[in-house]
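**Q** mind folding the following:
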Amino acid sequence: MNEQNVIHIQDLYKTYHMGNQEVRALQGVDFQIDRNEYVSIMGPSGSGKSTLMNIIGCLDTPTSGSYHLNKQDVSRLSDNDLAEVRNREIGFVFQTFNLLPRSDCLANVELPLIYAGMKSSERKKRALEVLDKVGLSDRVDHKPNELSGGQRQRVAIARALVNNPSILLADEPTGNLDSKTGDEIMRLFEDLHAAGHTIIVVTHEPDIARYSRRIIQLKDGAIETDAPVDQPVLAVTA
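**A** So this is what the prediction gives:
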């Protein structure tokens, strides 16, 4: 483990028991991700990528092996401790946005800061800062149903960023968007990466993975390939 590692995963296994069946979702996975890397995790259905995402996101724990997040071994933590790490270290971006429909943008973005116990005035200031960062400073009092799909995903990204997490973890972030809007969201990820954020995108779409700088390809619960992207999309089109 070196100083730059934000994620250090070693010999990771995850086995589920479904009735009498044993499902080996992950089988000896090893990799590291450094601070300010931009990585995609790919794989077909059943490859283990959702299981790996849940472990990286501290939503689940491995059967064996170790997962160090910022040098803390989180692989054996209790559910309560995992929830604390999750809120502090990981910003989630989901395909379905997961916004509160009756709350405006500001309230949606403030939510993680309420869990973190931040004072109201500080919460509002921080939420306004990140909404500006994603280009929505003129939409702070709008509710999700008053926004386009791309704007909703920008609110979700602002909410993911508001706690200054160690990792931005995005699950199929363009899955519910048309290609033009999806491209805009990936350009925003590029800007966030340039600003120093560590980004992990879980996707089954090669076109989306090619925005990142490195692709980890899973197959049957193991890493098939782990290689840099020769020509990231925005490096080509810039």
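**Q** what about residue 44, how many neighbours?
**A** Residue 44: 11 surrounding residues under other Cβ atoms under 10 Å. Placement of C-beta: from N, CA and C, glycine included.
**Q** tell me the secondary structure at it.
**A** Secondary structure for residue 44, judged by DSSP: H, G, I helix; E, B strand; the rest coil, is coil.
**Q** in the protein, which spans are helices?
**A** 49-56, 79-89, 105-115, 120-133, 149-161, 179-194, 206-209, 233-237 (DSSP state H).
**Q** quick check: which of these is buried the most?
**A** Highest mean neighbour count of the helices of the chain: helix 149-161, a mean of 24 (counted as mean count of other Cβ atoms under 10 Å).
**Q** please name every helix or strand in contact with it.
**A** If you count contacts as 3 or more Cβ pairs under 8 Å, 6 or more residues apart in numbering; DSSP states H and E, helix 149-161 packs onto strand 90-93, helix 105-115, helix 120-133, strand 167-171, helix 179-194.
**Q** what about 7 Å?
**A** Applying 3 or more Cβ pairs under 7 Å, 6 or more residues apart in numbering; DSSP states H and E, one finds that helix 149-161 makes contact with strand 90-93, helix 105-115, helix 120-133, helix 179-194.
**Q** what's the neighbour count on the nearest residue to residue 219 once chain neighbours are set aside?
**A** Nearest residue to residue 219 in three dimensions, chain neighbours excluded: residue 47, at 5.5 Å (Cβ to Cβ, 6 or more residues apart in numbering). Other residues near residue 47 come to 22 when the count uses other Cβ under 10 Å.
**Q** where in this structure is pLDDT low?
**A** 234-238 (pLDDT under 70).
**Q** quick check, central residue of it?
**A** Nearest residue to the geometric centre of the chain (Cα atoms, centre = their mean): residue 169, 0.7 Å.
**Q** now the nearest residue to residue 100 once chain neighbours are set aside: how far from residue 163?
**A** The shortest distance from residue 100 to any residue other than its chain neighbours is 5.5 Å, reached at residue 108 (Cβ to Cβ, 6+ apart). For residue 108, the distance to residue 163 (Cβ to Cβ, to the nearest Å) stands at 14 Å.
**Q** what's the answer for residue 4, then?
**A** According to Cβ to Cβ, residue 4 and residue 163 sit 21 Å apart.
**Q** look at the two and report which has more neighbours.
**A** residue 163 (19 against 11).
**Q** which residue is the nearest non-sequential neighbour of residue 207?
**A** Distances taken as Cβ to Cβ, 6+ apart place residue 233 nearest to residue 207, at 7.6 Å, with adjacent residues excluded.
**Q** what do you get for residue 209?
**A** Closest to residue 209 by Cβ to Cβ, 6+ apart is residue 40, at 3.8 Å.
**Q** cool, and residue 126?
**A** Spatially, and ignoring its direct neighbours in sequence, residue 126 is nearest to residue 162 (5.8 Å; Cβ to Cβ, 6+ apart).
**Q** same check on residue 68?
**A** Of all residues not flanking residue 68 in the chain, residue 8 sits nearest, at 4.2 Å (Cβ to Cβ, 6+ apart).
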